[in-house]
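In: I would like to see how this sequence folds:
(2 chains)
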Amino acid sequence: MAPEAVLSHLHRADGSATYTYNGYSIIGAVNGPIEVQRRDEMPEEATVEVNVRPAVGVGSPKERHLETLLHRTLQSIILTRSIPRTLVQITLQVRSLPADDTSTGVNTSLTLLPHLLHTSILALLSASIPLSTTLTAIPVAIPSSSKSAPLVSPTANDLLRAKPLRSIHVFAFSGDRKLLLNESDGAFSYEEWDEAYEAAEEVCCREGGVRLGEGMDVDMDVDMDGEGKVANLEAWLREVVKEKVGREQRWRVAT
Amino acid sequence: MSAKSTVVLPGDEIPASSLPKSPNKNRPLTLGPGLRHIPPNTIATTVAGALATDSRKNAAWIEYNSGRYLPITGDLVIATVQTSAAESFNCHITPNTPFATLPHLAFEGVTRKTRPQLTFNSLVYARILNAGKDTSPEITCANPSTGKSEGLGPLKGGMVFKISLGMARRLLAGRKGGVTVLDGLSEKVGFEVAIGRNGVLWVDGGSVKTTLAVGRAVQEVDEQALGEKGQKKVVERVLKNL
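Out: Okay, here's the model as predicted:
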């Protein structure tokens, strides 16, 4: 199934999105560009602030770690120099996690990371913050048995069944197929990493980069294949934006 | 523009074939909101929206209707006065952003002795004089070259309504925006409106009932993206209840 996304549904925030996929549900809100605290102010750049709130309880070092990763990745795609001396505040509230998330035996911050990235990019798009490119992210798990292929975008249940796992990787790509973020955990060889990287790239990026003009008229192959996996995340993102634009321009066709 | 438009994501490069081609060689291509030029000759988008072009003006821009208002020189806005400094008022164009300055003398026919006394939360209808990204925006209630107010100035009475940025743009665009609800209402009731590009609509209908009816009608047209027929129905219903 493709991830579900609802954009601009919070009235008080400048931009917001709710993202639901594989049992993960995250609400993201973006406020910006707003006034920045004097000590965080940068003369030539915007300050990016990321807050991750867990589903239960208050933030812990795990959330701090995720915030750091998100901060670095998002700062590289937000055009911070075009809105200097301002603050872009991104708040991500995890609403629900898959039931067997903790029993999979893998690092739970890695399995959550791609979903947080997707939520934040959707909220940023909804807030119309100037961005240099878009972003898509995906987790890849490599099982211990050497025969089985890497699991691309596994559900918590998939991970549980594939136990024991050798390693788990998270890849994030920009719209022009460049690697923005890679986090890996476990033991793996360079060949294995390469295989995981290629599998992730195939799902995240579209063939041959961006093709303009297909936007609205060509109906895109966003739908899922037989396995129930997302065919292509870049195409999915484009579909979400198409819906947003369609909603905004509906007065043009209204009678 | 037709409803079938090109949807773009941030980072998409606009090919030369999609840009307007002006017959006039001397008129350079103008890039509006959402587009940036990467030297030597790449034009890329920075926001998600629909690509719009105007071949007569040789301009291209991205249409979107979400996010916070960013001040642009020449825009009409409704600002809220926060404090008064030695030489100017500190105003908010949108909440939680740095102050915009409104000089005490930027009103029609004002001298040092007769400057307006604006208190906290007073509203002013103003034009953005300059909005560089390196300075805080400066606004004015008088045309700097003629000193005339041209309809700008403090707004007294009435009430403000929040509308979407796209709706504010449509209302100011006149006929092209396709908003007929105000024309329809004005045939039967008298009221005064001011539209700020920062997503603020100020209405003064003389009585609370009229003010609310007009403001709510515009908000309804905005939220439901009503066309001409839908707007006519709203007008009929509102006028019946007044």
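
In: what residues sit buried inside the helix or strand where residue A:89 lies?
Out: Using DSSP states H and E, residue A:89 sits in strand A:87-96. Buried residues in strand A:87-96, counted by 16 or more other C-beta atoms under 10 Å in any protein chain shown: A:87-94. Quick note: C-beta positions are derived from backbone N, CA and C, even for glycine.

In: can I get the residues you listed in CSV including distance to chain B?
Out: As requested, the buried residues of strand A:87-96 are exported to CSV (distance: C-beta to the nearest C-beta, whole Å):
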residue, distance to chain B
A:87, 9
A:88, 10
A:89, 10
A:90, 13
A:91, 14
A:92, 18
A:93, 20
A:94, 24
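
In: by contact count, what packs against the helix or strand where residue B:171 lies?
Out: In the assignment (DSSP H and E), residue B:171 maps to helix B:165-172. Packing partners of helix B:165-172 (3 or more C-beta pairs under 8 Å, 6 or more residues apart in numbering or on different chains; DSSP states H and E): strand B:192-196, strand B:200-204, helix B:208-224.

In: which other residues reach the helix or strand hosting residue A:238?
Out: Assigned by DSSP H and E, residue A:238 falls within helix A:233-248. Helix A:233-248 has contacts (C-beta atoms under 8 Å, 6 or more residues apart in numbering or on different chains) with A:2-3, A:5, A:7-8, A:121-122, A:125-126, A:134, A:136-138, A:175, A:203-206, A:215-216, A:220-222, A:230, B:5, B:7, B:9, B:48-50, B:63-66, B:166, B:225.

In: now do stretch B:158-178
Out: Surrounding stretch B:158-178, the residues in contact under the criterion C-beta under 8 Å, 6+ apart are A:248, A:251-252, B:63-67, B:69, B:76, B:78, B:123, B:179, B:182, B:192, B:195-205, B:211-212, B:215-216, B:218-219, B:221-222, B:227-228.

In: pairing partners for the strand holding residue A:89, with directions?
Out: Next to strand A:87-96 in the sheet, as set by DSSP bridges, lie strand A:24-34 (antiparallel), strand A:47-53 (parallel).

In: pick the most buried one from these.
Out: Neighbour counts (mean count of other C-beta atoms under 10 Å in any protein chain shown) averaged over each of these peak at strand A:24-34, with a mean of 24.

In: stretch B:130-140: end-to-end distance?
Out: 10 Å (C-alpha to C-alpha, to the nearest Å).

In: mind listing what's buried along it?
Out: Buried positions in stretch B:130-140, judged by neighbour count with 16+ other C-beta under 10 Å: B:131, B:137-140.

In: mean confidence for it?
Out: For stretch B:130-140, mean pLDDT is 90.

In: which residues of the stretch 51-200 of chain A lie near chain B?
Out: With the criterion set to C-beta under 8 Å from any C-beta of the partner chain, the stretch 51-200 of chain A comes near chain B through A:77, A:79, A:82-86, A:125-134, A:174-176.

In: how about residue 199, what does it touch?
Out: No chain in the question, so chain A it is. By C-beta under 8 Å, 6+ apart, residue A:199 lies in contact with A:140, A:149-150, A:152.

In: that answer is for a different chain, and I need it for chain B
Out: By C-beta under 8 Å, 6+ apart, the contact list for residue B:199 reads B:69, B:94, B:162-165, B:167-168.

In: same check on residue B:133?
Out: By C-beta under 8 Å, 6+ apart, residue B:133 lies in contact with A:82-84.

In: over to residue A:151?
Out: With contacts defined as C-beta under 8 Å, 6+ apart, the neighbours of residue A:151 are A:140-143, A:158-159, A:162.

In: appreciated, that's everything.
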